[in-house]
Structure formats: structure tokens, C-alpha cells
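1. Okay, predicted coordinates and the sequence, questions at the end:
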Amino acid sequence: MIKTPICDLLGIEYPVLQGGMAWIADGKLAAAVSNGGGLGLISAMNADADYLVEQIEIARSLTTKPFGVNIMLMSPFTDQIAKTVVDQGVKVLTTGAGSPAKYMKAWINAGICVIPVVASVAMAKLMTRSGASALIAEGAESGGHVGETTTMVLVPQVCDATTLPVIAAGGIADGRQLAAALMLGAQGVQMGTRFLVAQECSAHPNYKDKILRANDIATITTGKRLGHPVRSLKTPFSREYFKAEFAGMSDDELDKLGTGTLRLAAVEGDLNRGCFLCGQVAGMVKREQPAAEIIRDIFSHAQKVLSEADKWVIN
Ligand SMILES: Cc1cc2nc3c(=O)[nH]c(=O)nc-3n(C[C@H](O)[C@H](O)[C@H](O)COP(=O)(O)O)c2cc1C
């Protein structure tokens, strides 16, 4: 059994979070992960409060276990969502794509456990001072919005810079990577790409198929020029976007080119125009399984790896 203080903090059995994933992490997936003993998260993405309330109701109808909400801070509805999570009695929040500093006081006063995603030591220090309960240190291998620093390099530096529990994200899909994250000082992990192919994940079958067929060099980072890089699969769309970035296309046109493309991938499975966000670890994701089975497999694998971890140590 692998148990860390994160389990008590969040009321979960296994120290694993399912990452917020816009257009993908809905109430059904969150409930399945929570029923499997991890912490499921509903992605508030770019949607308004009505969508979030609907997904919270779905999750509550499917599980009695704790689950949380992920707030994507670039959403135009962030102010509305920030209030809705308080009204809805959400207990755990993760935040991505920016700093949640201006909302922290209200959330903490409402007794919410706030766990921001950080991609740098500076952000980790700022969030520690702002009253976060834990931090998710997300490396550049991950799917979605990415920073510059890899998980291997970021996690120990964030652990050294904070007194808070740290959850590692980016590039974790099996027990070896989970064990490594714990060795780097993390008390838990967050996975996105691995849960994209959970049976309960409603991503379009084309999306899942592309993840299952991906290899080690299947992803690309685009969007650096506009200041918000994202990692996705190499597809006709991402190659076109990548070229356009360096071919002098105006910022407005570039912005337009990217708008709505994650929905096209996740909902419509559009192989040409869709943006299939995922992490580098897609090359290791080879099987669609129930979320609970994914969690059990990864933890029993990590337990084996950790029990043999001192095999090269000569005393
Ligand atoms: C399709 C997709 C959408 C994502 N959307 C969000 C999001 O809306 N908010 C957020 O904080 N992180 C988002 N992420 C990042 C994940 O929550 C998670 O941290 C990341 O996937 C972990 O790395 P991994 O993909 O290597 O497992 C997204 C990731 C993916 C793959």
C-alpha cells in the first residue's frame, strides 16, 4: 500500500489526482476516478457556471467520494466560476494556466483546499505565501498548457522551495514514473494523458485511438509566440499551426486558427482540424481500461518497483 499525507488531506485512498482537462474531464470521469480511490476533477474549462453546476450534479449522482474542480484561469468566466465553486460547496480546487492569487482569500475563507498548478519555483513560492494547501508541480512533458522545465528537474526544486505537499504532474503513466515522482519528493501524482483513455472518459473514439497509437516522439509544442504554449499530438492541424507561427501570420489570425480546435478533437474527433492535446507519455499508453483499474495497476506496479529500489545499494 502506498499512502502519503495527501491521502488524508483530500480524503482519498491513493495519492493520485486526475488532471483537469478542458472538454474532457467531465462529471462522469471525475466520479469514476474518485470511485477508484483517487481524486477526480471536473474541468470548468471555458464554460459558464451552468455547465459546471450540471457536471457537479452528475458527479454527485455517481459518487459519494470526494472530487474537485479545476479552474482554467484564462477562461472568460473565471470570476463567475470562482463564486460558483463556493456556492456549490466544492471542497477541492486546482487551478491552471495562471495565478489564482486574487481569488485565494475568498476560497480559503470558504474552507476550500486550493491546489494550484505551478510550472516554476517562483510561482511555487508565490502560491505557498498565498495560502495554498498543496502544489501541483507540472513539468513540460505534460499535455495541455506547458512551462519550460521538465518534471524531473522541476519537482525536486519545488519540493525544496515550499513546505507544502507537492504533487508531481507531467509524464506519469506507469508505476515506475509514480515511484520516481515519490523519490523526487512528491507526495502524490496527477495524471492527464493516462486518464484520456479511461473507459469512462467521453473523449471521441478518434482521440483515444490516436493516443493508443502514439509513439515516443508523437507530440509537438505550439503557441510559444503568443505566450501560451501547449503540447498536442503532431497532426495536420498542429503542423500547420507550427508553420504559421514562424511564417509571420499575425497574432489575431494565429489566435483564430487555434480557437475551438480542442473541441473539434474531443467532441467531433476531427482528425484534420482538431487539436489533440496530450503529453509525451502518450507513447506509453497502450490500453483502454476502467479508471479504477488504471489506478490499481499503477499503484501495484509502483509498490513492486519501490520494494526493489535498493537493489543497487551496497552497504
Ligand atoms: C486534453 C488535456 C486538457 C487539459 N486541460 C487542462 C485544463 O483545462 N486545466 C489544467 O489545469 N490542466 C489541463 N491539462 C493538464 C492536466 O491537468 C495534467 O496536469 C497533465 O495532463 C499532466 O501531464 P500528463 O498529460 O503527462 O499526464 C490538460 C491536459 C490534457 C491532456
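-> That came through fine. Numbering: from 1, shown residues only.

2. how about the residues of the stretch 201-315 of the chain near the ligand?
-> Neighbours of the ligand within the stretch 201-315 of the chain, by CB under 6 Å from any ligand atom: Leu277, Cys278, Gly279, Val281. For every residue, glycine as well, the C-beta is placed using N, CA and C.

3. for the third one, what are its contacts?
-> Residues counted as contacts of Gly279 (CB atoms under 8 Å, 6 or more residues apart in numbering) are Glu141, Ser142, Gly143, Gly170, Gly171, Gly192, Thr193, Thr219, Arg231.

4. Over to Val53?
-> Listed by CB under 8 Å, 6+ apart, the contact partners of Val53 are Thr84, Gln88.

5. Based on its surroundings, how many neighbours for the closest residue to the ligand within the stretch 101-250 of the chain?
-> Of all residues in the stretch 101-250 of the chain, Gly192 sits closest to the ligand, at 2.0 Å by CB to the nearest ligand atom. Other residues lying near Gly192 total 26 when counted by other CB atoms under 10 Å.

6. Run a quick check on it versus Met21, I expect a contact.
-> Yes. Assessed by CB atoms under 8 Å, Gly192 is found in contact with Met21 at 5.5 Å.

7. Could you name every residue contacting both of the two?
-> Residues touching both Gly192 and Met21 (CB under 8 Å, 6+ apart) are Gly143, Gly144.

8. sorry, back to before: so which of the residues of the stretch 201-315 of the chain next to the ligand is surrounded by the most neighbours?
-> Result: Gly279 is most packed of those (other CB under 10 Å), 33 neighbours.

9. Please name every helix or strand in contact with the longest helix along the chain.
-> Among the elements of the chain assigned as helix by DSSP state H, the one spanning the most residues is helix 291-307. Here helix 291-307 touches strand 16-18, helix 27-35, helix 175-183, helix 193-196, going by 3 or more CB pairs under 8 Å, 6 or more residues apart in numbering; DSSP states H and E.

10. one more time with 6 Å
-> Packing partners of helix 291-307 (3 or more CB pairs under 6 Å, 6 or more residues apart in numbering; DSSP states H and E): helix 175-183.

11. Counting by contacts, list what the helix it packs on packs against.
-> Contacts defined by 3+ CB pairs under 6 Å, 6+ apart place helix 175-183 against helix 291-307.

12. So Val117, which state does it fall into?
-> Of the three states, Val117 takes strand under DSSP: H, G, I helix; E, B strand; the rest coil.

13. Do you have the strands of the stretch 201-315 of the chain handy? List them.
-> 219-222, 230-233 (DSSP state E, counting those that start in this stretch).

14. buried sites along the longest helix of the chain?
-> Buried residues in helix 291-307, defined by neighbour count with 16 or more other CB atoms under 10 Å: Ala291, Ala292, Ile294, Ile295, Ile298, Phe299, His301, Ala302, Val305, Leu306.

15. again with stretch 202-211
-> Per 16+ other CB under 10 Å, stretch 202-211 contains these buried residues: Ala203, His204, Asn206, Tyr207, Lys208, Lys210, Ile211.

16. returning to that earlier point: mind checking the strands of the stretch 201-315 of the chain for the one nearest to Ala47?
-> Ala47 lies closest, by CB to CB, to one member of the strands of the stretch 201-315 of the chain: strand 230-233, at 18.3 Å.

17. Just the CA atoms of that closest one, as CSV, please.
-> Only the C-alpha atoms of strand 230-233 are listed here, as CSV (Å, rounded to 0.1, in the frame of the first residue of the first chain):
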residue,chain,number,x,y,z
VAL,A,230,0.5,23.8,-25.4
ARG,A,231,1.5,20.3,-26.1
SER,A,232,-0.5,18.2,-28.5
LEU,A,233,-0.2,15.3,-31.0
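
18. Make 398 the first number, not 1, from now on.
-> With the count now opening at 398, the last piece we talked about shows up as strand 627-630.

19. pLDDT averaged over that strand, what's the number?
-> Taken as a whole, strand 627-630 has a mean pLDDT of 97.

20. List the buried residues for it?
-> Val627, Arg628, Ser629, Leu630.

21. Same list (the strands of the stretch 598-712 of the chain) but as CSV, adding distance to Val594.
-> What follows is the strands of the stretch 598-712 of the chain, written out as CSV (distance: least, CB to CB, whole Å):
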stretch, distance to Val594
strand 616-619, 15
strand 627-630, 13
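
22. Count residues in the vicinity of Asn506, would you?
-> When counting by other CB under 10 Å, one arrives at 10 neighbours for Asn506.

23. next one: phi and psi at it?
-> phi -60, psi -30 (degrees, to the nearest 10).

24. What segments of the stretch 498-647 of the chain are helices?
-> Ranges of helices in the stretch 498-647 of the chain, per DSSP state H, counting those that start in this stretch, are 498-506, 518-526, 548-558, 572-580, 590-593, 602-610, 633-642.
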